[in-house]
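Undergrad: When you get a sec, could you give me coordinates for this:
(2 chains)
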Amino acid sequence: MLRTHTCGELSLKDLGMEVAICGWITRKREFGPILFLIVSDRYGMTQVVVNDASLVEKAKKFSIEDVVLVKGQVIDRKENRTDKYPTGEIEVDAGSLDVLNSSRPMPYDHNKEASDTVKMKYRYLDIRKSLIRENLIARSKITGLVRCCLEKSGFIEIETPVLNKSTPEGARDFLVPSRIWKGSFYALPQSPQVFKQLLMVAGMDRYYQIVKCFRDEDFRSDRQPEFTQIDIEMSFVEEDDVMNEAENMIKKVFEGMKKDVVLPEKFPRISYDEAMERFGTDAPDTRYGMELIALDDIFKKSSFKAFADAANDSSKTVKGVVVENKAKEFSRNIIKKMEVAVQGDGAKGLAFIKKIDSSLESPLLKFFNEKELAGLSEIIPENGVLFIVADSRPIALRSMGNFRKRMANELKLVDKDVVAPLWVVEFPAFELDEEEDRWIATHHPFTDFDIDGLKDDPAKIRSRAYDMVINGHEVGGGSIRIHDVEKQKKVFSILGISEDEAEEKFGFLLESLQFGAPPHGGIAFGLDRLVMVLLGIDAIRDVIAFPKTTSASCLMSSAPSMVKKEQLEELGIKLTGKKEE
RNA sequence: GCGGUCGUAGUUAAGUUGGUUAUAACGCCGGCCUGUCAAGCCGGAGGCCGCCGGUUCAAGUCCGGUCGACCGCGCCA
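TA: Numbers count the residues shown, from 1 in each chain, chains lettered A, B, ... in the order given. Modelled structure (predicted):
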């Protein structure tokens, strides 16, 4: 090693010691015959004082971010101590200074806000100089805890292929052309789903993998084209077994990362229907109240037509949210802005009723009879506001669910110190794709479900799936799988996948189910999102070392890029819609 | 695929109803300075105003298109 210590560890206990430290010059302050350098690495920063005249001359030529090796004695800063950084009580009195490598001026100022564009282009500098470094260190600790916990529980990590077969359903695949089989393509895995099931047939019993997955869709602040899953599968299990194992793991990870946080002994469970009714989302954040209120009963006979229509039509609903202590504060203007936001979710309008000095106030008041007014008065507390959306069920639920979330953020109702995990269960197994008029699998087509007595209405079937939600983020999801070949074939037929297609795409899976496939199930966690939740970060980019932009390009390497004609010819590929160069 | 915000020195921004040589701070280069803590002081260099086209006597500014970044909708079994 070139160094004896890192830049973060020297202190008064090392006084007098001859040390060697390496790092990047982050500050240089000259005073004629004396000069200070701040040398940093990922452990911290240490001040170097240069007194020797020839060394000062040498150091004057150093640039910010030059990599240096400093040898010298640890001395007390005495009256010049600082508490601005942990090593502020000492400094290294330079005996020798060497530049191991020089640096060009930094392309942007790390101490100020910079555009994402320039930071992404010089990602390695952003990692060196920003909190992203800490996030990556935390991420490593998290995967370490996961591995440790799963290995202790008898899971074995097995790698599955990255070059895969393209499957129908689900997200768009990233394709990789085959040189040997011209005209054929591999697909990068959207998840190792089928392979982990085959490992169960193989008798591997308890498998896990921390693995990259790829989906070629459009991206957001919490979505990247390649992301990482903690993938888990177990044999001879039912829902509770997988959920207990998963809960145990998550608790270990949180305990290892946040010592002061206590997670509930058992994570609460709520059904998909209940989550939608109470929170307007299948990933509820239960750190705050303001749950959705069903108002259909109150308005069934209302003379306000929009409410009465929605209350009496089973495909529609009237939903409300009470915001406390704001009746006097919310002006018409503020409420108008809220309405615009709600309309952004497709709702036709946002009604409101205030209670001030025990009496109700609202432009709609004249439409309500005494029974309705009494019902409303019971719901709305003094100085509270009831917001109402009457619309089709999905729109009313979604818009009020989002309204609740926005309101909680704006009113700062979210307690950042609380961790609220829960399970969402009893998902519908199938939902109707209205555009294509066919059934699609809500989870994925290998999810087991209770088929008895519901042969004719797929909408009523509940699947054996479960999602883990923490603070309103879906961090993981899984299910008990189908291990009976006939049942699996039936699902494909419900989904409109023909027998031929099923054979072609999933033949190897269907075949494996006929060789003693054990009952099995599992779960997969989105590692990036889990890290985000643990660190309280909003952007997935900040927990990934080298992320892509929202249009899936890498500003550092300029991927994706065009390739030589010869490369394409070798693959038997001819371009049709190439963009102008 | 759709919508919103943004794009001006290396960086972050300002730039009026269109009108002289496009400002500032930080950074960079040169000089001064014996204890700094984002050190300070003096001086200097640095611009395809994202790109293409249009309107105009005149465009950083107005209009159209395009590219890119970010945020959201659709999408993401």
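
Undergrad: Is any residue of stretch A:167-183 near RNA strand B?
TA: Yes - judged by CB under 7 Å from any atom of the strand, stretch A:167-183 comes into contact with RNA strand B through A:169-172. Every residue, glycine included, has its C-beta placed from N, CA and C.

Undergrad: Select from these the one having the most neighbours.
TA: residue A:170 (15 neighbours; other CB atoms under 10 Å).

Undergrad: wait, what's in contact with that one?
TA: By CB atoms under 8 Å, 6 or more residues apart in numbering, the residues touching residue A:170 are A:190, A:215, A:444.

Undergrad: ditto for residue A:319
TA: Shown in contact with residue A:319 (CB under 8 Å, 6+ apart): A:280, A:292-295, A:388-390, A:396-397, A:400.

Undergrad: for the one helix or strand it maps to, what is the average pLDDT?
TA: Element membership for residue A:319 (DSSP states H and E) is strand A:316-323. Taken as a whole, strand A:316-323 carries a mean pLDDT of 94.

Undergrad: related to what we said a few turns ago, of all the contacts of residue A:170, which comes closest to residue A:549?
TA: The nearest member of those to residue A:549, counting by CB to CB, is residue A:215 at 15.8 Å.

Undergrad: any idea how far that closest one lies from RNA strand B?
TA: Distance, residue A:215 to RNA strand B, by CB to the nearest atom of the strand, to the nearest Å: 4 Å.

Undergrad: sorry, back to before: can I get the residues of stretch A:167-183 next to RNA strand B in JSON lines including pLDDT?
TA: JSON lines is the format used below for these (pLDDT from 0 to 100):
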{"residue": "A:169", "pLDDT": "74"}
{"residue": "A:170", "pLDDT": "83"}
{"residue": "A:171", "pLDDT": "92"}
{"residue": "A:172", "pLDDT": "94"}
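
Undergrad: Got the domain ranges for chain A?
TA: As assigned by automatic domain parsing, chain A contains the domains A:12-101, A:134-269+A:422-565, A:288-414.

Undergrad: re the thing from before, so how do I select the buried members of the contacts of residue A:319 in PyMOL?
TA: Filtering the contacts of residue A:319 down to the buried ones (16 or more other CB atoms under 10 Å) takes a single PyMOL command:
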select buried, chain A and resi 280+292+293+295+388+389+390+396+397+400
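
Undergrad: Show me the contact partners of stretch A:108-124.
TA: Applying CB under 8 Å, 6+ apart, the set of residues contacting stretch A:108-124 from outside is A:107, A:125-126, A:129-130, A:541, A:545-547, A:549, A:554-556.

Undergrad: Close to RNA strand B: what parts of the stretch 301-450 of chain A are there?
TA: Counting by CB under 7 Å from any atom of the strand, the positions of the stretch 301-450 of chain A adjacent to RNA strand B are A:344, A:440-445.

Undergrad: from these, which is closest to RNA strand B?
TA: Closest approach to RNA strand B among those (CB to the nearest atom of the strand): residue A:444, at 3.2 Å.

Undergrad: Can you get me a residue count around that closest one?
TA: 18.

Undergrad: Backbone dihedrals for it, please?
TA: The phi/psi pair for residue A:444 (degrees, to the nearest 10) reads phi -140, psi 170.

Undergrad: burial measure for the residue lying closest to it once chain neighbours are set aside, as a count.
TA: Spatial nearest neighbour of residue A:444, excluding adjacent residues (CB to CB, 6 or more residues apart in numbering): residue A:193 at 6.5 Å. As a burial measure, residue A:193 scores 22 neighbours (other CB under 10 Å).

Undergrad: So residue A:339 is in contact with residue A:348, correct?
TA: No - applying CB atoms under 8 Å, one finds residue A:339 not in contact with residue A:348, separated by 9.9 Å.

Undergrad: ok, the residue in chain A positioned nearest to RNA strand B to residue A:445 distance?
TA: Sorted by distance to RNA strand B under CB to the nearest atom of the strand, the residues of chain A start with residue A:32, at 2.5 Å. Distance of residue A:32 to residue A:445, given as CB to CB, to the nearest Å: 76 Å.

Undergrad: Among these two, which residue is more densely surrounded?
TA: Neighbour comparison, residue A:32 and residue A:445: the larger count goes to residue A:445, with 22 against 6 (by other CB under 10 Å).

Undergrad: re earlier: keep only those of the contacts of stretch A:108-124 that are also close to RNA strand B.
TA: Among these, the ones lying near RNA strand B by CB under 7 Å from any atom of the strand are A:107, A:541, A:549, A:555.

Undergrad: which ones are touching the third one?
TA: By CB under 8 Å, 6+ apart, residue A:549 lies in contact with A:116, A:120, A:219, A:555.

Undergrad: can you redo the residues you listed as JSON lines with secondary structure and pLDDT?
TA: Below are these laid out as JSON lines (DSSP: H, G, I helix; E, B strand; the rest coil; pLDDT from 0 to 100):
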{"residue": "A:116", "secondary structure": "helix", "pLDDT": "92"}
{"residue": "A:120", "secondary structure": "helix", "pLDDT": "95"}
{"residue": "A:219", "secondary structure": "coil", "pLDDT": "95"}
{"residue": "A:555", "secondary structure": "coil", "pLDDT": "95"}
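
Undergrad: Buried subset of the residues you listed, written for ChimeraX?
TA: A single ChimeraX command selects the buried members of these (16+ other CB under 10 Å):
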select /A:120,219,555
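
Undergrad: can you list the contacts of residue A:549 in a markdown table and add distance to residue A:71?
TA: Formatted as a markdown table, the contacts of residue A:549 follow (distance: CB to CB, whole Å):
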| residue | distance to residue A:71 |
| --- | --- |
| A:116 | 40 |
| A:120 | 37 |
| A:219 | 48 |
| A:555 | 39 |
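
Undergrad: re earlier: out of the residues of stretch A:167-183 next to RNA strand B, list just those in helices.
TA: Among these, no member is found in helices (DSSP state H).

Undergrad: Just to be sure, which of the residues you listed are found in strands?
TA: Assignment to strands by DSSP state E places none of the residues of stretch A:167-183 next to RNA strand B there.

Undergrad: Put together JSON lines for the domains of chain A, with distance to residue A:3 on each row.
TA: Compiled in JSON lines, the domains of chain A are given as follows (distance: least, CB to CB, whole Å):
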{"stretch": "domain A:12-101", "distance to residue A:3": "4"}
{"stretch": "domain A:134-269+A:422-565", "distance to residue A:3": "19"}
{"stretch": "domain A:288-414", "distance to residue A:3": "44"}
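
Undergrad: before we move on, back to that, return the member of the residues of stretch A:167-183 next to RNA strand B nearest to residue A:459.
TA: residue A:169 (18.4 Å).

Undergrad: looking at it, the closest one is touching residue A:495, isn't it?
TA: Yes - in this structure, residue A:169 is within contact of residue A:495 by CB under 8 Å, at 7.2 Å.

Undergrad: quick one: common contacting residues for those two?
TA: Common neighbours of residue A:169 and residue A:495 (criterion: CB under 8 Å, 6+ apart): A:440-441, A:445.

Undergrad: where does residue A:579 land on pLDDT?
TA: Per-residue pLDDT puts residue A:579 at 42.

Undergrad: same deal with residue A:232?
TA: Residue-level confidence at residue A:232 comes out at 98, pLDDT.

Undergrad: list the contacts for it?
TA: Contacts of residue A:232 (CB under 8 Å, 6+ apart): A:150, A:155, A:207-208, A:242, A:245-246, A:478, A:522-525.

Undergrad: Which helix or strand contains it?
TA: strand A:226-235.

Undergrad: same thing with residue A:136?
TA: For residue A:136, the host element (DSSP H and E) is helix A:132-152.

Undergrad: So residue A:308 sits against residue A:299, correct?
TA: Yes - Residue A:308 lies in contact with residue A:299 (CB under 8 Å); the separation is 5.8 Å.

Undergrad: With neighbour numbers in mind, choose between these two.
TA: Using other CB under 10 Å as the criterion, residue A:308 and residue A:299 rank with residue A:299 on top: 25 against 18.
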